[in-house]
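>>> Sequence isn't available, so here's the structure alone:
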């Protein structure tokens with residue numbers, strides 16, 4: 001059992017990473033750059049040009065005025081556009097790095113995988129099943145010997 005995980009009636013959170021990263025405000029700068037303020041007080045200037053690619057982001061990429069309509073969604077607390085496209089706050093906050101909680105999760109999964117493999121190996125080695133030897137009774141009747149086959153020539157018609 002992980003001692004860092006706290007279970008309450010409505011919420012599960014990790015003591016190591018108690019703060020969920022959320023966006024509080026956004027301000028559009030020049031081009032595809034924005035200034036984002038997060039709920040932990042960190043403020044970052046982020047260039048979103050390399051991030052907004054693909055068919056979903058095509059309207060923002062083609063129309064800079066549409067890109068400037070970005071706002072913070074009141075429910076998800078992340079950057080959102082009028083066509084309901086949004087960006088993950090963790091990816092905005094951490095950029096190209098992995099989120100620390102994700103790194104921790106991957107380490108725990110690796111440990112679980114190794115433990116499962118180890119259990120499987122030890123289970124194969126320490127099998128307690130024994131082969132049961134069944135004694136066969138001696139045959140009462142002697143085995144009839146097969147007679148050698150006579151090899152004859154086929155008759156011609």
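On my side now, so go ahead. Please read these numbers as outputs of a predicted model, since none were measured by experiment.
>>> Which helix or which strand is home to residue 103?
For residue 103, the element it lies in under DSSP states H and E is helix 100-125.
>>> in this structure, which segments are predicted with low confidence?
Scanning the chain for pLDDT under 70 picks out 1-18, 123-157.
>>> What ranges does it have for its strands?
5-7, 12-14, 23-28, 33-38, 43-47, 71-72, 79-80 (DSSP state E).
>>> circling back: show me what the helix holding residue 103 is packed against.
Here helix 100-125 touches no other helix or strand, going by 3 or more Cβ pairs under 8 Å, 6 or more residues apart in numbering; DSSP states H and E. Quick note: C-beta positions are derived from backbone N, CA and C, even for glycine.
>>> buried residues in that helix?
residue 104 (16 or more other Cβ atoms under 10 Å).
>>> and what of stretch 59-73?
Those would be 59-60, 67, 70, 72, for stretch 59-73 by 16+ other Cβ under 10 Å.
>>> From residue 20, how far out is residue 88?
Relative to residue 20, residue 88 is positioned 12 Å away (Cβ to Cβ, to the nearest Å).
>>> picking that back up, so for residue 114, which of the strands of the chain sits nearest?
Closest approach to residue 114 among these is made by strand 5-7 (20.2 Å; Cβ to Cβ).
>>> Packed most tightly, which of the strands of the chain would that be?
Of the strands of the chain, the one with the most neighbours on average (mean count of other Cβ atoms under 10 Å) is strand 79-80, at a mean of 21.
>>> Touching it from outside, list them.
Strand 79-80 is contacted by residues 23, 26, 34, 36, 70-73, 86-87, 92 when judged by Cβ atoms under 8 Å, 6 or more residues apart in numbering.
>>> Including distance to residue 111, could those go into JSON lines?
Output for the contacts of strand 79-80, formatted as JSON lines (distance: Cβ to Cβ, whole Å):
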{"residue": "23", "distance to residue 111": "33"}
{"residue": "26", "distance to residue 111": "39"}
{"residue": "34", "distance to residue 111": "39"}
{"residue": "36", "distance to residue 111": "35"}
{"residue": "70", "distance to residue 111": "40"}
{"residue": "71", "distance to residue 111": "42"}
{"residue": "72", "distance to residue 111": "38"}
{"residue": "73", "distance to residue 111": "36"}
{"residue": "86", "distance to residue 111": "33"}
{"residue": "87", "distance to residue 111": "32"}
{"residue": "92", "distance to residue 111": "30"}
